[in-house]
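>>> missing the sequence, but the structure's below:
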């Protein structure tokens, strides 16, 4: 019902032109000096764009047999993002961006355990120098969904010989402590070698999504499946990754002591979470059933709050039931800023419960339904390439919830975007997300310090291959030519003016219907019906 009322209110609103929305200039991600500041950026991840990346687990995972496992679409050379790293900076400059969020490929820096590739570090150093030369501040993610093969070889996930230098057997295994140490050493090396050019670091990206995909559902490397034993086998994986975050935090702080930006902060260390606007559902309708409300709260607690609560409390929840009765004082407070990454609104039901206790629920995602999916109030909100609903105001809801729960934590939207082949839809996504961010800032006082669009260019979208197109720049599959979309033009106009103008809001903003997606359409529950 709330969906329909909001949409009706938008349709019946005033015909007067919406006022422009002003945004501040860029400031630090942390500290009082950054309050009221705002940065415009775009994001990418190394594995998703870089060529010649043969030492990653994703290369082995997707390479054709017999050299690889032949899973999903072969990543091959992605979109030539390593070879074109320096020329691609012009794409960012043309949009007048303040910042570029990207990751450094661990498998390229340390392709063999203990062996550092100095040429790879020099490559990233050259990239950082080139960014700073044109006034673009780097935000570097250290671990974004990919590993050197030696961390957890997906070709031998049972690890019969136990941890070795060529296969540490993955997180949550007997080799987990060694992986934590290796991640800390990698972070410390980057901070030491690149810290004079980088002040803003992200340790990990979307940890709960990554861990569930790689160690729960087995759809990411290393491909472990623990759904039937989630309560016992999954917590050790989460514990190791949390320990790695804290160890990386310490290593960065110890090794990056140079204030590259001149703002008094040598190293601001945070991380980024995947968030969504989850709503209780049952039988494909909104639900007020207490069981469904509780299921929604469990899912939000698991995906949104478990990670941050562990750091804020300095404790772990080994039963995934909200207990936090395992003390970890070595984690306490090791988070300077928090990134939120928003793409969708979706339903979640308690009955039936596909995921076992203690989660005990079924979320709506793509073709996964079982009554959890909610009908969209407008079919144009569906994102057919991904199988979910984009609802711009959901990011406001999430920002306000995080600000209430963590009132002293600086927030930044480190990803938001839409998979589409329509430039107008991408422009609508940008304007509407910025409108929602401004509502959270202006109406609820949320300390939100920026927005990074996902992504700079079309790229490799993990298990979904190259089909979903999120790029501000489209990429030709044969020539790798980058072409600006309408989204790039509109974001550049906003960034240059540091406002969303009345004209852009009238053309692209609001909560009413979006430009229809070209090509095959999703059904009213936003997933693609079978052929």
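Thanks, I have it. On a predicted model such as this, the values are computed, not experimentally measured, just so you know.
>>> what residues are up against the nearest residue to residue 193 once chain neighbours are set aside?
Excluding its sequence neighbours, the residue lying closest to residue 193 (C-beta to C-beta, 6 or more residues apart in numbering) is residue 121, at 5.4 Å. C-beta here means a position set from N, CA and C on the backbone, and glycine is covered the same way. If a contact means C-beta atoms under 8 Å, 6 or more residues apart in numbering, then residue 121 has 109, 189, 190, 193, 194 as its contacts.
>>> among the residues you listed, which lie within helices?
Judged by DSSP state H, the contacts of residue 121 include 109, 189, 190, 193, 194 as members of helices.
>>> top of those residues by neighbour count?
residue 190 (24 neighbours; other C-beta atoms under 10 Å).
>>> and the gap between it and residue 452?
20 Å (C-beta to C-beta, to the nearest Å).
>>> if we can go back for a sec, I'd like the ones in helices among the contacts of residue 121 as JSON lines, with pLDDT appended.
Below are the ones in helices among the contacts of residue 121 laid out as JSON lines (pLDDT from 0 to 100):
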{"residue": "109", "pLDDT": "98"}
{"residue": "189", "pLDDT": "98"}
{"residue": "190", "pLDDT": "98"}
{"residue": "193", "pLDDT": "98"}
{"residue": "194", "pLDDT": "98"}
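>>> which one of those is nearest residue 506?
Taking C-beta to C-beta as the measure, residue 194 is the one of the ones in helices among the contacts of residue 121 closest to residue 506, at 43.6 Å.
>>> what sits against the closest one?
Residue 194 touches 121, 124, 125, 128, 140, counting by C-beta under 8 Å, 6+ apart.
>>> drop anything exposed from the residues you listed.
Buried subset of the contacts of residue 194 (neighbour count, 16 or more other C-beta atoms under 10 Å): 121, 124, 125, 128, 140.
>>> is it true that the third one touches residue 192?
No. At 12.0 Å, residue 125 and residue 192 do not qualify as touching, with contact defined as C-beta atoms under 8 Å.
>>> tell me the buried residues in stretch 503-523?
Neighbour counts using 16+ other C-beta under 10 Å place 504, 505, 508, 509, 510, 511, 514, 515, 517, 522 of stretch 503-523 among the buried residues.
>>> buried residues in whatever helix or strand residue 236 lives in, which are they?
When elements are assigned from DSSP states H and E, residue 236 belongs to helix 230-255. Neighbour-count burial for helix 230-255, counted by 16+ other C-beta under 10 Å, picks out 230-231, 233-253, 255.
>>> can you redo the buried ones among the contacts of residue 194 as TSV with pLDDT and distance to residue 82?
Converted to TSV, these look like this (pLDDT from 0 to 100; distance: C-beta to C-beta, whole Å):
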residue	pLDDT	distance to residue 82
121	98	13
124	98	10
125	98	14
128	98	14
140	98	16
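>>> inside strands: which ones of those residues?
Judged by DSSP state E, the subset of the buried ones among the contacts of residue 194 located in strands is residue 140.
>>> from the buried ones among the contacts of residue 194, pick the one nearest residue 84.
Nearest to residue 84 among these, with distances taken as C-beta to C-beta, is residue 124, at 14.3 Å.
>>> leaving out sequence neighbours, find the closest residue to that closest one.
residue 104 (5.3 Å).
>>> do the same with residue 255
residue 191 (3.7 Å).
>>> and the one you found, how many neighbours does it have?
26.
>>> do residue 363 as well
Count around residue 363 with other C-beta under 10 Å applied: 23.
>>> for the closest residue to it other than its chain neighbours, what are its contacts?
Once flanking residues are discounted, residue 363 sits nearest to residue 348: 4.7 Å by C-beta to C-beta, 6+ apart. Going by C-beta under 8 Å, 6+ apart, residue 348 touches 278-281, 292, 295-296, 299, 361-364, 372.
>>> mind listing what residue 308 touches?
273, 335, 338, 406, 409.
>>> for residue 481, that is, sorry about that
Counted by C-beta under 8 Å, 6+ apart, residue 481 has contacts residue 475.
>>> roughly how far apart are it and residue 129?
26 Å.
>>> kindly report the same for residue 310.
Using C-beta to C-beta, one obtains 36 Å as the distance from residue 310 to residue 129.
>>> and those two? Which one has more around it.
Shown here are residue 310 and residue 129; by other C-beta under 10 Å, residue 310 has more neighbours (23 against 11).
>>> returning to what we had before: quick one: which of the buried residues of stretch 503-523 is nearest to residue 57?
Nearest to residue 57 among the buried residues of stretch 503-523, with distances taken as C-beta to C-beta, is residue 522, at 31.3 Å.
>>> now do the SS call for that closest one.
coil (DSSP: H, G, I helix; E, B strand; the rest coil).
>>> dihedrals phi and psi, it?
Reported as degrees, to the nearest 10, the phi and psi values for residue 522 are phi -70, psi 160.
>>> next: residue 337.
phi -150, psi 160.
>>> please enumerate the helices of the stretch 301-450 of the chain.
306-313, 394-405, 423-444 (DSSP state H, counting those that start in this stretch).
>>> which one of these lies nearest to residue 531?
Judging these by C-beta to C-beta, what sits closest to residue 531 is helix 423-444, at 23.7 Å.
>>> the inter-axis angle of that closest one versus helix 394-405?
Here helix 423-444 points in a direction 30 degrees away from that of helix 394-405 (axes from the mean of the first three to the mean of the last three C-alpha atoms, to 10 degrees).
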